[in-house]
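> generate coordinates for the sequence data below:
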Amino acid sequence: RQCRNCALADQWPLGGWTADGQNLRLRMSIGAGEIELVHLGTSTHRCYFVPGGEAVEQAAALVPATNPNEILISHDAWLSVKDLCDAEEKKNGTVRLLRLKEPPQRGTSRPHRAVPSTSIDCYLPQALRAYLNSALPNWVGEIRRVTIIFIKVLFASKDVPLSDLNHTLLKIERAIEGEGGEILEVSASEDGLEALCVFGFPGTGVKDVGRHAILATITAHKELNDGDMSASAGIATGQVFCGPVGPEHRRQYSVVGSTVNLAARLVSVAAGRVLVDEETMASTSHKISFDGPYPLHLAGIRDSVQCFIPLEPTEENLPPEPPSLIGREAELGGLKSALAEAADATKVVVVSGKPGMGKTALISTFTDVCGAQILRGTADAIHQVTPYLAWRSIITKCLDLDTAGSDTNAKKQIIEGHLAKNKKLKDLAPLLNE
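So this is what the prediction gives:
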């Protein structure tokens, strides 16, 4: 009953408001039933509080059928309030709430209790923590160009253990944070999870947000699609409002704008694929190949939308071929001498110099003529927050894990084989965890 009163109180005033010439209209849906509160936490630095259950599932199921300035109510919720308000049944079987038969009884508002920030830090996004820990007197909102990702994971069964939910969220978190993005919100759907991720928040240092967002999504999509679950994603890039939403006593750091809506619409029709909007494609097409365009008519968007399916990084995204070496005989001789000394003891050589001085050409020429096995490790600048990432490809090659491809069971068998031969590697095995 209180939920019904709240919906009607919010809907009618906002139905006639305008801002910058735009009419503000709300869509609302109401469900009733048991609520399940799930605490998800994949690490000590970030946790999520996710409501679910019958009431949430009913309300979520009504959202696609709700028109602007409408309040749809589920059958279970309608049975509890049908004597107190007027409504009409629509052709699709849903019930539209119209008006109250009597003025609502206002309840007493609860006092707002201050909570120590240290007790809730793990539930806050990094972008918000940066503001709260700064000397800024007020929360700051700004318009920024970001890339928005909605990732939706569907499970084969509704009875998913909490450990599996955490493991699923960990896969998303690793992929997104590994490329410099952040999970802003996690919500529960009828048969899965949905994560709202953002690339381009203040202080992250990510410049090529579209490319990093697509690379992260491709990684997560591969990890999440197996026999027990499937994943879809929608990606859009554009200007959005990043900042606090709500009154002083109850604020939420959020992203608001048509770009967010577009990404949400794309994931709703992705059906196990990754769909990208035209602006994201245009800004990354020189580094990532795409399939498309595919014109789509999306709910709430008047014109058709051109969407694309990202494939793999193109050759232009790989390191360029080094130029031919001119001169540098002394430096090349020094590297050859170091290699000869390494036959008796480990030798570390650092080649440093300003950009354009020929470091890549020198190393390339040396590896061509040295006659030794070469193992290469590389990383993007944004990956400096991931310890030892540049060594991952080297270790993979040394342990022959590259021969297993993406087969997890094959990788496990290879690792167990190495452990059987050398018991000392057991203590180092956890370093192989991504």
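> can you show me the strands along the stretch 201-350 of the chain?
Assigned by DSSP state E, counting those that start in this stretch, the strands in the stretch 201-350 of the chain fall at 229-245, 252-256, 274-277, 288-296, 305-313.
> distance of G334 from A340?
G334 sits 11 Å away from A340 when distances are taken as Cβ to Cβ, to the nearest Å. Heads up, the C-betas are built off the backbone N, CA and C, glycines and all.
> which of the strands of the stretch 201-350 of the chain sits closest to E194?
Counting by Cβ to Cβ, E194 lies closest to strand 229-245 out of the strands of the stretch 201-350 of the chain; the figure is 9.6 Å.
> what's the burial count for G52?
Other residues near G52 number 18, with proximity taken as other Cβ atoms under 10 Å.
> doesn't A188 make contact with it?
Yes - the pair formed by G52 and A188 meets the contact definition of Cβ atoms under 8 Å, at 3.6 Å.
> mind listing the shared neighbours of the two?
Overlap between the contact sets of G52 and A188, as judged by Cβ atoms under 8 Å, 6 or more residues apart in numbering, is given by 36, 38.
> between G334 and A340, which is the more surrounded one?
Here G334 and A340 are compared on neighbour count by other Cβ under 10 Å; more neighbours surround G334, at 15 against 11.
> gap between the closest residue to C370 other than its chain neighbours and E102?
With sequence-adjacent residues excluded and distances taken as Cβ to Cβ, 6 or more residues apart in numbering, C370 is closest to L339, at 5.7 Å. Distance of L339 to E102, given as Cβ to Cβ: 89 Å.
> H167 now?
Taken as Cβ to Cβ, the spacing of H167 relative to E102 amounts to 50 Å.
> more neighbours, the two?
Set side by side, H167 and E102 show more neighbours around H167, with 11 against 7, by other Cβ under 10 Å.
> quick check: which helices or strands does whichever strand or helix holds that one pack against?
For H167, the host element (DSSP states H and E) is helix 162-178. Here helix 162-178 is seen to pack against strand 36-43, strand 142-155, strand 182-189, strand 192-199, helix 209-224 when contacts are counted using 3 or more Cβ pairs under 8 Å, 6 or more residues apart in numbering; DSSP states H and E.
> apply 10 Å and report the result again.
Packed against helix 162-178 by the contact rule (3 or more Cβ pairs under 10 Å, 6 or more residues apart in numbering; DSSP states H and E) you find strand 36-43, strand 46-52, strand 142-155, strand 182-189, strand 192-199, helix 209-224, strand 229-245.
> mean confidence score for that helix?
Over the span of helix 162-178, the pLDDT mean works out to 87.
> list the contacts for the most centrally placed residue in the chain?
The centre of the chain sits closest to C197, judged by Cα atoms, centre = their mean, with a distance of 3.4 Å. By Cβ atoms under 10 Å, 6 or more residues apart in numbering, the contact list for C197 reads 147-151, 172-173, 175-177, 179, 181-186, 213, 216-217, 220, 233, 235, 263.
> the residue lying closest to it once chain neighbours are set aside and P247, how far apart?
Once its chain neighbours are removed from consideration, C197 has its nearest residue in I149; the separation is 4.2 Å (Cβ to Cβ, 6+ apart). Distance of I149 to P247, given as Cβ to Cβ: 29 Å.
> with E185 instead?
Distance from E185 to P247, by Cβ to Cβ: 19 Å.
> with neighbour numbers in mind, choose between the two.
When E185 and P247 are compared on other Cβ under 10 Å, the one with more neighbours turns out to be E185, at 17 against 8.
> the spatially closest residue to the more buried one that is not a sequence neighbour pairs with what?
Of all residues beyond its chain neighbours, the one nearest E185 is L196 (4.3 Å), with distances taken as Cβ to Cβ, 6+ apart. In this entry, L196 is beta-bridged to F150, E185, by DSSP bridges.
> touching, L196 and V255? I think so.
Yes - taking contact to mean Cβ atoms under 10 Å, the distance of 7.8 Å between L196 and V255 places them in contact.
> overlap in contacts of the two?
Common neighbours of L196 and V255 are listed as 148, 184-185, 263 (criterion: Cβ under 10 Å, 6+ apart).
> tell me the one of the residues you listed nearest V276?
A263 (9.5 Å).
> and that closest one, how many residues sit next to it?
Counted with other Cβ under 10 Å, the burial measure for A263 works out to 30 neighbours.
> S230 too?
Around S230 there are 17 other residues, counting by other Cβ under 10 Å.
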